[in-house]
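The sequence and its predicted three-dimensional model are supplied below.
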2 protein chains.
Amino acid sequence: MRADARKNYDRLLSVAREVVAEYGADASLRDVARKAGVGLATLYRHFPTREALIEALLRSDVDELRARAADLETSSTPGDALVTWLRGTVAITHEYRGVTALFLAALEDPESALYESCVALHDIGTRLLDRAHAAGQARADIDGGDLFALVGALAWLYDQPSVKPRADHLFDVISSAVLPDGLRTDAQLQRRLA
Amino acid sequence: MRADARKNYDRLLSVAREVVAEYGADASLRDVARKAGVGLATLYRHFPTREALIEALLRSDVDELRARAADLETSSTPGDALVTWLRGTVAITHEYRGVTALFLAALEDPESALYESCVALHDIGTRLLDRAHAAGQARADIDGGDLFALVGALAWLYDQPSVKPRADHLFDVISSAVLPDGLRTDAQLQRRLA
DNA sequence: ACCTGAACACCGTTCAAGT
DNA sequence: ACCTGAACACCGTTCAAGT
């Protein structure tokens, strides 16, 4: 990449991070280009679609979630590991307000720039879920696809301002549906019994 | 209302019903006016906001849900009544793709044209939920606001094309979190035990 | 190679001017 | 009273013309 192109690329990415944080994943791309002091077509060549831009923003987050999952697999009970990872995934997804609908669509569209990231998240979740299944801590009739969809629904709930005060509670409700207390013997349950 | 105004009003409403069914609650209002053969400003005077238009479309549905709830209160066990009503509410909300975010916002904005409808749905749900609470069939730490938010999340899930095949399953998962089988003695449980 | 401005076809919202 | 077209300030996307 030529030096000036590189500079534009980096500038676009850093401006996009701010704009998306403020206006969500459906922020105006024109606005991003304008604030980056760059022609609109320049943004389009670096990031041919909105998904491509979001993907570039999300890449480091997905890597982090992957690393966390690896840690959790060795440091926690299967049930706790899954819940902790879900909480982190929902939190990060929520930072990109409105991105969950893009995610769920991308999972079925290998052409999407978000496809790889979505598959990665889907697979990590499935792996943690299967561990919980093996330990008899997760509801048996839920698979990785269900889990991915529930993460989307939870992130969507966090995205709604009026839900925010009860969002953590709803996280507990939904995650306890995936991991019923009756099947669990981990820290969360210990706390409830204490 | 003058005869020509009445005619325009009715025509706008019927066209809006089709357009919203096809493109969702964020359909182009310009498109509605165009297809109704009416000036754009005419639409705006009859329906000063998008919420006002959606509210007009939704009014009969809300009335129907209210009637159903009244029936269910006399014809079913509290747990069954709540689940059946939830299913119907999610189904109808889903017909207006994308309306759930408007709903959750309207519940906190008395100025919104959707406010009355949202409060009505919220209150009906709370009433059915409290019956289930009294019968010991519903999870105690869930209130009407939680229920309203969960209905929104479920309708959002039904709105995502990639989730559709598993949406009914996720409905069961989430509704069983609200009404755990351990607390229920109704038809759904009987079926599962059979 | 890379960038830009303008063009095109859309929005939502408002308002002066018509009947 | 009611309606309309045009105006304004926005989009996303594409492309010919510049350096």
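That came through, no problem.

in chain A, what spans have low per-residue confidence?
A:184-194 (pLDDT under 70).

Just give me the longest helix of it.
Counting residues, the longest helix found in chain A (DSSP state H) is helix A:50-75.

in the next helix or strand after it, what counts as buried?
Remark: after helix A:50-75, the chain's next helix or strand is helix A:78-95, criterion DSSP states H and E. Burial within helix A:78-95, assessed by neighbour count using 16 or more other C-beta atoms under 10 Å in any protein chain shown, is assigned to A:78-86, A:88-90, A:92-95. Every C-beta, even on glycine, is put in place using the N, C-alpha and C of the backbone.

For the closest residue to A:L72 other than its chain neighbours, give me its contacts.
Leaving aside its sequence neighbours, A:L72 sits nearest to A:A81 (C-beta to C-beta, 6 or more residues apart in numbering or on different chains; 3.9 Å). A:A81 makes contact with A:69, A:72-73, A:75, A:128, A:131-132 under the criterion C-beta atoms under 8 Å, 6 or more residues apart in numbering or on different chains.

Near the residue in chain A that DNA strand D sits nearest to, how many other residues are there?
Here chain A gets closest to DNA strand D at one residue, A:A41, 3.0 Å apart by C-beta to the nearest atom of the strand. Per other C-beta atoms under 10 Å in any protein chain shown, the neighbour tally for A:A41 reads 9.

from memory A:H169 sits against B:R139, does it?
No - using C-beta atoms under 8 Å, A:H169 is not in contact with B:R139; the gap is 11.1 Å.

Tell me the buried residues in stretch A:160-169?
So, applying 16+ other C-beta under 10 Å, buried residues of stretch A:160-169: A:160, A:162-163, A:166-167, A:169.

hmm, that stretch in reach of chain B?
Yes - legend: contact between stretch A:160-169 and chain B by C-beta under 8 Å from any C-beta of the partner chain is shown at A:160-163, A:166, A:169.

what subset of those is also close to DNA strand D?
Residues of the residues of stretch A:160-169 next to chain B in contact with DNA strand D (C-beta under 7 Å from any atom of the strand): none.

Farthest-apart pair in the residues you listed, please.
A:P161 and A:H169 (15.8 Å; C-beta to C-beta).

and the gap between A:T49 and A:E55?
Distance check for A:T49 against A:E55: by C-beta to C-beta, to the nearest Å, it reads 9 Å.

brain fart, A:V151
Counting by C-beta to C-beta, the gap from A:V151 to A:E55 is 18 Å.

again with A:Y23
Using C-beta to C-beta, A:Y23 is found at 18 Å from A:E55.

what do you get for A:A3?
Counting by C-beta to C-beta - A:A3 and A:E55 are separated by 24 Å.

The two: who's more crowded?
Set A:A3 next to A:E55 and count neighbours by other C-beta under 10 Å: A:E55 wins out with 21 against 7.

dump the residue contacts of the more buried one.
So A:E55 contacts A:113-114, A:116-117 (C-beta under 8 Å, 6+ apart).

how about those residues in a markdown table, adding neighbour count?
As requested, those are exported to a markdown table (neighbours: other C-beta atoms under 10 Å in any protein chain shown):
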| residue | neighbour count |
| --- | --- |
| A:A113 | 20 |
| A:L114 | 23 |
| A:E116 | 14 |
| A:S117 | 22 |
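
near DNA strand C, from those residues?
Okay, of the contacts of A:E55, nothing touches DNA strand C (C-beta under 7 Å from any atom of the strand).

ok, the nearest residue to A:H46 once chain neighbours are set aside - how many residues close by?
Spatial nearest neighbour of A:H46, chain neighbours left out: A:Y9 (5.2 Å); criterion: C-beta to C-beta, 6+ apart. For A:Y9, the count of nearby residues is 19 (other C-beta under 10 Å).
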